[in-house]
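[1] Have a look; sequence and predicted model below, questions after that.
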Amino acid sequence: MRNSKRNVSGFGRADKGFTLLELLVVVAIIGMLAAYVGPKYFSSIGKSEQTVAKAQIESFSKAVDLFRTDVGRFPTTAEGFNALLERPAGATKWNGPYLQKAVPPDPWGKAYTYKSPGTKGRDYDITSYGSDGQPGGTDTAADVTN
């Protein structure tokens, strides 16, 4: 009797690789998974930048509140964040610095803005204008404020 190798498919020869059809099916499956997962992954990156901006603004707000507690007033718009790092003229009870280092740019690489008095009844506004750097916007371009 003849000794021949049989594979799972029952043919008389042993398979030595994948067929082009099998490779195309695998590539198609990977493509479908990437099309489904990709948008969900990249949308969460935009949300995380918004979260980082909110956390930074909250930290700056605490420093501004400490400044007010010591000095008796909020920094003026002209003094801005610099009043949290260096004693402003006439601030005799200043007990800073209230920040360890200069205010970094927002997650999109743009400067935060400080305004006192603020809008909508707030004592001050600390704002990041989002990914587009312009007031207003939606999604990642939406403003983040205290």
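    Looks like it came in fine.
[2] Give me the most central residue, the protein.
    residue 49 (1.1 Å; CA atoms, centre = their mean).
[3] shouldn't it be in contact with residue 105?
    No - using CB atoms under 8 Å, residue 49 is not in contact with residue 105; the gap is 11.9 Å. Quick note: C-beta positions are derived from backbone N, CA and C, even for glycine.
[4] elements contacting the helix or strand bottoming out on mean pLDDT in the chain?
    Across the helices and strands of the chain, mean confidence by mean pLDDT, DSSP states H and E is lowest for helix 20-71: a mean of 84. The criterion is 3 or more CB pairs under 8 Å, 6 or more residues apart in numbering; DSSP states H and E, and the helices and strands that helix 20-71 contacts are strand 125-128, strand 144-145.
[5] that older thread, what's near enough to touch the residue nearest to the centre of the chain?
    By CB atoms under 8 Å, 6 or more residues apart in numbering, residue 49 lies in contact with 107, 108, 131, 140.
[6] same check, this time on residue 140
    Per CB under 8 Å, 6+ apart, neighbours of residue 140: 46, 49, 50, 130, 131.
[7] Excluding covalently adjacent residues, which one is nearest to residue 83?
    Spatial nearest neighbour of residue 83, excluding adjacent residues (CB to CB, 6 or more residues apart in numbering): residue 75 at 3.7 Å.
[8] Please apply the same query to residue 122.
    residue 146 (7.1 Å).
[9] Okay, the one you found and residue 19: tell me how far apart.
    61 Å (CB to CB, to the nearest Å).
[10] Which of these two has more residues huddled nearby?
    Between residue 146 and residue 19, counted using other CB atoms under 10 Å, the more crowded position is residue 146 (16 against 9).
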